[in-house]
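> sequence first, predicted model second:
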Amino acid sequence: MNSAVEIQRHFASDNYAGICPEAWAALEEANRGHAISYGDDPWTARAADLIRDIFETRCEVFFVFNGTAANSLALASSGQSYHSILCHETAHVETDECGAPEFFSNGMKVLQIPGAHGKIDPAGIERAVKRRSDIHYPKPRAVSLTQSTEVGTVYSVDEVKAVGAKTRQFGLILHMDGARFANAVAFLGVNPKEITWQAGVDVLCFGGTKNGSHVGDAVVFFNRELAEEFDYRCKQAGQLCSKMRFLSAPWVGMLEEGAWLRNASRANAMARRLRDHLNEIPEVKVLYPTQANAVFADLPPYVIDALRKQGWKFYTFIGEGGCRLMCAWDTSEEDVDSFVADLKRLLVEAPKDIPVATADHRKL
Ligand SMILES: Cc1ncc(COP(=O)(O)O)c(C=O)c1O
């Protein structure tokens with residue numbers, strides 16, 4: 001029987017994982033001697049060039065500490081305080097950023113759009129734009145989509161293009177929250193440009209942290225006009241790292257030899273393995289297509305409780321219900337199999353009469 005101390009890797013979040021070897025090696029190499037501060041160092045120039053290479057375009061690149069800052073500052077540069085941002089109702093910018101997009105934009109309002117499987121329905125953009133045109137309504141200015149989505153699904157090339165087309169039709173800016181962009185590219189097997197600037201994306205927040213870096217996401221402006229004075233916005237928001245080489249060097253390590261895609265592919269593969277095991281268990285219901293690195297599943301409450309007592313960590317408050325089981329770049333086949341073995345055993349052995357408060361696992 002497992003005990004909590006033996007569990008090395010959890011399924012709570014891909015940011016539970018450590019730093020991948022390639023990012024670590026680059027950090028170590030960057031830690032030699034002195035380098036010019038605030039981003040004028042060779043590591044930052046190299047990382048930005050590598051990002052331009054993988055997107056095959058002259059984009060403007062900025063490195064910030066985390067995804068909330070990347071999203072909020074990118075969205076703030078898309079409009080004025082009286083504008084609104086349209087996003088899916090489960091979008092991180094709406095549900096998990098503590099109002100930061102509104103705060104950093106001095107008041108842009110986030111409006112929710114419905115859609116199946118965590119994806120914006122393009123018709124919803126049209127409805128939101130046409131709902132009102134009077135001066136009392138926060139004027140729609142930007143659309144934010146998350147790729148891969150908060151529920152582990154991935155927009156296809158055509159789906160991003162459809163959102164892009166609607167966005168352009170109404171003269172809006174298209175922002176992509178790519179905290180797990182690498183997982184989407186790995187799943188689709190496409191060239192990164194096909195699901196970004198070629199599909200109408202103006203600005204991408206490219207996640208490094210969940211992909212194997214220690215900390216830091218990149219804001220990539222394909223629409224370079226939007227990047228004007230973005231450096232000032234970063235500085236004012238406390239997002240200009242003085243020792244910038246330590247934010248940018250891991251990108252060099254991960255992009256240079258393709259570790260970013262290997263990491264994402266591995267996490268995706270572990271999610272598929274987990275999904276396949278869960279699909280064989282009658283008491284478990286997998287909730288969405290498993291395309292990136294997350295599996296969402298309904299588990300009986302007494303098993304959720306028992307798994308947690310066993311030491312497993314996972315979230316139950318993300319998306320629209322169910323347990324979120326997230327795989328990371330370092331999740332192993334043994335981790336998946338050991339979780340599933342515990343789950344199967346506890347379905348039989350665990351006491352089923354747990355208190356109502358514990359059964360309401362969304363509150364945990
Ligand atoms: C979809 C999505 N966007 C952005 C983020 C970035 O969040 P943070 O500010 O914690 O780096 C996350 C992290 O959980 C996320 O899941």
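Thanks, I have it. Numbering: from 1, shown residues only.
> residue 234 reaches residue 64, doesn't it?
Yes: taking contacts as C-beta atoms under 8 Å, residue 234 lies within contact range of residue 64: 6.1 Å. (Each C-beta comes from the backbone N, C-alpha and C, glycine too.)
> so what sits against both of those two?
Counting by C-beta atoms under 8 Å, 6 or more residues apart in numbering, the residues touching both residue 234 and residue 64 are residue 73.
> helix, strand or coil: sort out residue 61 for me.
Secondary structure, DSSP: H, G, I helix; E, B strand; the rest coil: residue 61 is strand.
> would you mind measuring from it to residue 23?
From residue 61 over to residue 23 the distance is 17 Å, taken as C-beta to C-beta, to the nearest Å.
> what's around whatever residue of the stretch 251-364 of the chain ends up closest to the ligand, how many residues?
Of all residues in the stretch 251-364 of the chain, residue 318 sits closest to the ligand, at 8.0 Å by C-beta to the nearest ligand atom. Residue 318: 21 surrounding residues under other C-beta atoms under 10 Å.
> got phi/psi on it?
phi -100, psi 150 (degrees, to the nearest 10).
> which element, helix or strand, includes residue 270?
helix 259-279 (DSSP states H and E).
> same thing with residue 342?
Following DSSP H and E, the helix or strand that holds residue 342 is helix 333-349.
> residues in contact with that helix?
1-2, 7-9, 11, 270, 273-274, 277-278, 281, 283-284, 299-300, 303, 306-307, 310, 312, 325, 327.
> again, only this time at 6 Å
For helix 333-349, the external contacting residues (C-beta atoms under 6 Å, 6 or more residues apart in numbering) are 2, 9, 270, 273, 274, 277, 283, 303, 306, 310.
> list the buried residues for it?
335, 336, 338, 339, 340, 342, 343, 344, 346, 347 (16 or more other C-beta atoms under 10 Å).
> pretty sure the residue of the stretch 251-364 of the chain closest to the ligand contacts residue 324?
Yes: counting by C-beta atoms under 6 Å, residue 324 is a contact partner of residue 318 at 4.7 Å.
> follow-up on the earlier one: quick one: list the elements packing against the helix holding residue 270.
For helix 259-279, the helices and strands in contact under the criterion 3 or more C-beta pairs under 6 Å, 6 or more residues apart in numbering; DSSP states H and E are helix 181-188, strand 285-286, strand 294-298, helix 333-349.
> now those in JSON lines, with distance to residue 118 and mean pLDDT?
Shown next, in JSON lines, are these (distance: least, C-beta to C-beta, whole Å; pLDDT from 0 to 100):
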{"stretch": "helix 181-188", "distance to residue 118": "12", "mean pLDDT": "98"}
{"stretch": "strand 285-286", "distance to residue 118": "14", "mean pLDDT": "96"}
{"stretch": "strand 294-298", "distance to residue 118": "9", "mean pLDDT": "96"}
{"stretch": "helix 333-349", "distance to residue 118": "23", "mean pLDDT": "96"}
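> same list, those, but as CSV with distance to the ligand please.
What follows is the helices and strands packed on helix 259-279, written out as CSV (distance: least, C-beta to the nearest ligand atom, whole Å):
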stretch, distance to the ligand
helix 181-188, 10
strand 285-286, 20
strand 294-298, 9
helix 333-349, 20
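> those: which one's closest to residue 132?
Of all those, it is helix 181-188 that lies closest to residue 132, at 32.8 Å by C-beta to C-beta.
> contacts for the longest strand anywhere in the chain?
Using DSSP state E to define each element, the chain has its longest strand at strand 139-146. The contact list for strand 139-146 (C-beta under 6 Å, 6+ apart) reads 75, 78-79, 83-87, 91, 93, 120, 125, 128-129, 163, 167, 172-177.
> among those, which are located in helices?
Cross-referencing the contacts of strand 139-146 against helices under DSSP state H gives 75, 93, 125, 128, 129, 163, 167.
> closest to residue 266 among those?
residue 93 (27.4 Å).
> what's the distance between the closest one and the ligand?
Between residue 93 and the ligand the computed distance is 7 Å (C-beta to the nearest ligand atom, to the nearest Å).
> need the contact list for that residue.
Counted by C-beta under 6 Å, 6+ apart, residue 93 has contacts 71, 87, 101, 144.
> how many neighbours does the first one have?
Using other C-beta under 10 Å as the criterion, residue 71 is surrounded by 32 other residues.
> ok, the one 5 residues further on next?
Other residues lying near residue 76 total 23 when counted by other C-beta under 10 Å.
> return the residues in contact with the residue in the stretch 151-300 of the chain that the ligand sits nearest to.
Distance from the ligand to each residue of the stretch 151-300 of the chain (C-beta to the nearest ligand atom) is smallest for residue 179, at 3.4 Å. Contact partners of residue 179, counting by C-beta under 6 Å, 6+ apart, are 67, 207, 210.
> many thanks, I have nothing further to ask.
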